[in-house]
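Asker: Got a predicted structure plus its sequence, pasted below:
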Amino acid sequence: MAESRIFGHTTKVISNALDVSARRHNLITGNIANMDTIGHEPSDLDFNRTLKRLMGEKEPDYLDKTHAQHLSSEENETLSMNGMNSEEVDIYHLDSVNIDTEMMNLMENNIKYRTTTELLLRKMKILHYSIDEGGR
């Protein structure tokens with residue numbers, strides 16, 4: 001959308017916020033749909049960081065390390081796990097998706113989407129009022 005005085009920066013932010021909310025909704029519902037899928041890793045995105053990136057703010061291209069062993073560059077590190085299999089635990093159906101967390105994320109995203117939609121409706125109502133009053 002071209003930058004104009006009527007549809008300016010606010011409309012662009014609202015549009016991008018609705019896009020991010022829709023993408024996040026798809027990720028969350030995908031997590032819920034695959035909660036019984038073996039090996040499914042839940043995915044999500046950070047709403048604020050994604051919106052800032054869409055609006056043109058670039059993320060830093062460096063990472064600060066607070067400890068020498070944090071964020072190691074060795075990709076082939078192996079972890080040893082000392083444990084025993086138990087007959088009481090079904091290791092093939094371990095829950096990787098927490099339904100309570102996903103429903104909370106879905107509710108939070110729904111509130112953000114509805115709030116952003118309300119902002120868009122109010123922006124349109126202001127424009128409608130300006131056009132209506134200007135014609136009298």
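Answerer: Yes, it's here. Numbering: from 1, shown residues only.
Asker: Next, count neighbours for Tyr113.
Answerer: Look at Tyr113: counted by other CB atoms under 10 Å, it has 17 neighbours. All C-beta spots, glycine's among them, are computed from the backbone N, C-alpha and C.
Asker: Where do the helices of this protein begin and end?
Answerer: 9-33, 47-54, 99-134 (DSSP state H).
Asker: what angle separates the longest one from helix 9-33?
Answerer: In terms of direction (axes from the mean of the first three to the mean of the last three CA atoms, to 10 degrees), helix 99-134 departs from helix 9-33 by 150 degrees.
Asker: Just the buried positions in helix 99-134, please.
Answerer: Neighbour counts using 16 or more other CB atoms under 10 Å place Glu102, Asn105, Leu106, Asn109, Lys112, Tyr113, Thr116, Leu119, Leu120, Lys123 of helix 99-134 among the buried residues.
Asker: if I pick the first one, what's in contact with it?
Answerer: Counting by CB atoms under 8 Å, 6 or more residues apart in numbering, Glu102 makes contact with Ile28, Asn31, Ile32, Met35, Pro42.
Asker: could you flag which of those are buried?
Answerer: Going by neighbour count (16+ other CB under 10 Å), the contacts of Glu102 have Ile28, Asn31, Pro42 buried.
Asker: which residues does the first one contact?
Answerer: Listed by CB under 8 Å, 6+ apart, the contact set of Ile28 reads Asp44, Glu102, Asn105, Leu106, Asn109.
Asker: Turn the helices of the chain into JSON lines, including mean pLDDT and distance to Thr66.
Answerer: Output for these, formatted as JSON lines (pLDDT from 0 to 100; distance: least, CB to CB, whole Å):
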{"stretch": "helix 9-33", "mean pLDDT": "90", "distance to Thr66": "29"}
{"stretch": "helix 47-54", "mean pLDDT": "83", "distance to Thr66": "20"}
{"stretch": "helix 99-134", "mean pLDDT": "90", "distance to Thr66": "27"}
